[in-house]
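Novice: no sequence on this one, just coordinates:
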């Protein structure tokens, strides 16, 4: 990583934002194609070979459509909302690793006694480490940010402001209902989202995604140790980016368009773009935290050429991200939408307790120095235990289903309910 | 009247075991279904290149049938215009030419105009027609550049008959070739 250079940074910013925008554009095409294939259709195939130019046509359409600002909206917040939505989504990309990364060196301890003549002084060690660190190239906009993942979560929860502002300023009951649902949903799912990765931070001892990736290359991916945490993180991530089965904020059948009902033209495009950027950021984060980032079963260490190695790492991480995005689309077109009470039940009664128990298991393992593989067992046990509790209580712990009782014989005609 | 207890059958909700309550196996089952469909043959019809084959009783553009001699079969009885709920048929009747009168034809339509934009394609006209002179064909892609173009006169409707008969796409309701009972000479 060379020292700070504004031109170089500008190039990286343009490349990252452009790349993510391109991925988002083609995710819309992928969404339509996958839904079409799953429904035995062909999908968009008129613009370009196989419909490959469809995202360009869609984007152009967003630019050229009439910009309608209804009279009844609160203009300031109405115009601010798409900017907030996309701005926060893009800002979160700053600390997301998207290629080869090297963690910043730890601080050098200064010994109480002066070192002997042959040994390097702490200053020399520090300079040596810094020079070594700067010789590597980091595919992160803001490398070495020690609160890395915390920063992403903070901006992720700011994203709800875009939704609330949009729904509230539009002065439309559909928009307001959609934004209220969305805020309740995002606030609820923040908790399992954050709690499921706390275990990762405890094990690694750092919030910095580069360090987490480096830990995984030497110890194995976290998906091996915490499959349950991965599941919780993935589900909460879908809820955070309000994708099906958690797309209640914009349930077409109930809310017309949800919080972006009153938006048209490019403002609508920005609202939709923000959701896809959230999906991409979440997928990058998921592959960095649980799927080993740029490591791929030792493949990357086989390549000695530094430039080629960087390209391979970039491809591996982007491939993992794309795979997760496509998996999200498979899930989207497979699982129907939850009811709102089911959505809240899953967050508060299933995912948060599971995440907490997982955290406790990690603490036990750390405290008593067990093998990390014990975590896998604990995770599987927790998962099975949750299922067993579901069986015992017929689905819901706090609100078990009433068993069907036959009416007692001899009731007068027409009486269908005789009390319990 | 309330339902008798003997006619009520009680259905218990299926009990979910551990496997179902784990949710993930059910999810994987669902994914298997949808992913299986991704590789199945597609049923999309690429419309402008690949034209759909309409069922032979489809109700599309009208046609005016001809008899064996190539004359218009219509006897200008106004039954179709009367039956039409959209009032889109306009007929002007005239006495049939003398050589037609040998076959028992007294009237024929001097003009026969259907406003295809007004028509709701309900098929009442062909049901009302006593001589099976008007029929709805399987032509569905009806386009025009102006409203006037979409008002079909007698020649246009007869040409629809010619094209559909030549293409072998007669509607199944057709009895073309034989005049209906009303146009036949009364039994002596």
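Specialist: Yep, that arrived. Every value quoted in this text rests on a predicted model; they were computed, and no experiment measured them.

Novice: Spit out the contact partners of residue 64.
Specialist: All of this refers to chain A. Residues near residue A:64 by CB atoms under 8 Å, 6 or more residues apart in numbering or on different chains: none. For every residue, glycine as well, the C-beta is placed using N, CA and C.

Novice: right idea, wrong chain: chain B
Specialist: B:72, B:73, B:74, B:112, B:133, B:134, B:154, B:157, B:158, B:160, B:161.

Novice: quick one: whatever residue of the stretch 201-350 of chain A ends up closest to chain B and residue A:276, what's the gap?
Specialist: Here the stretch 201-350 of chain A gets closest to chain B at one residue, residue A:334, 4.5 Å apart by CB to the nearest CB. Distance, residue A:334 to residue A:276, by CB to CB, to the nearest Å: 19 Å.

Novice: Neighbour count for the two, which is higher?
Specialist: Legend: neighbour count by other CB atoms under 10 Å in any protein chain shown for residue A:334 and residue A:276, higher for residue A:276 (22 against 19).

Novice: Doesn't the more buried one lie inside a helix?
Specialist: Yes: according to DSSP: H, G, I helix; E, B strand; the rest coil, residue A:276 belongs to a helix.

Novice: residue contacts, it?
Specialist: Contacts of residue A:276 (CB under 8 Å, 6+ apart): A:24, A:27, A:28, A:241.

Novice: With distance to residue A:71 and secondary structure added, can I get the residues you listed in TSV?
Specialist: TSV is the format used below for these (distance: CB to CB, whole Å; DSSP: H, G, I helix; E, B strand; the rest coil):
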residue	distance to residue A:71	secondary structure
A:24	32	helix
A:27	35	helix
A:28	31	helix
A:241	32	coil
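
Novice: So which of those is the closest to chain B?
Specialist: Nearest to chain B among the contacts of residue A:276, with distances taken as CB to the nearest CB, is residue A:27, at 16.8 Å.

Novice: Which strand or helix spans the residue minimising distance to the centre of chain A?
Specialist: For chain A, residue A:282 is the residue whose C-alpha lies nearest the centre (CA atoms, centre = their mean; 2.3 Å). When secondary structure is defined using DSSP states H and E, the element that contains residue A:282 is helix A:265-289.

Novice: what's the average pLDDT for the following helix or strand past that helix?
Specialist: Later in the chain than helix A:265-289, the nearest helix or strand by DSSP H and E is helix A:299-302. Averaged over helix A:299-302, pLDDT sits at 72.

Novice: Identify the residues contacting helix A:299-302?
Specialist: A:100, A:294, A:309, A:312, A:313, A:316.

Novice: helix, strand or coil for residue B:114?
Specialist: Classified using three-state DSSP, residue B:114 is strand.

Novice: Okay, buried residues for the helix or strand residue A:345 falls within please.
Specialist: Using DSSP H and E, residue A:345 maps to helix A:340-345. Burial within helix A:340-345, assessed by neighbour count using 16 or more other CB atoms under 10 Å in any protein chain shown, is assigned to A:343, A:345.

Novice: Output the contacting helices and strands for it.
Specialist: Applying 3 or more CB pairs under 8 Å, 6 or more residues apart in numbering or on different chains; DSSP states H and E, we find helix A:340-345 packed against helix A:173-204.

Novice: in stretch B:23-33, what's buried?
Specialist: B:23, B:30, B:31.

Novice: can you tell me which of the residues you listed are up against chain A?
Specialist: Contacts with chain A within the buried residues of stretch B:23-33, counted by CB under 8 Å from any CB of the partner chain: B:23, B:30, B:31.

Novice: Right, I'll leave it there.
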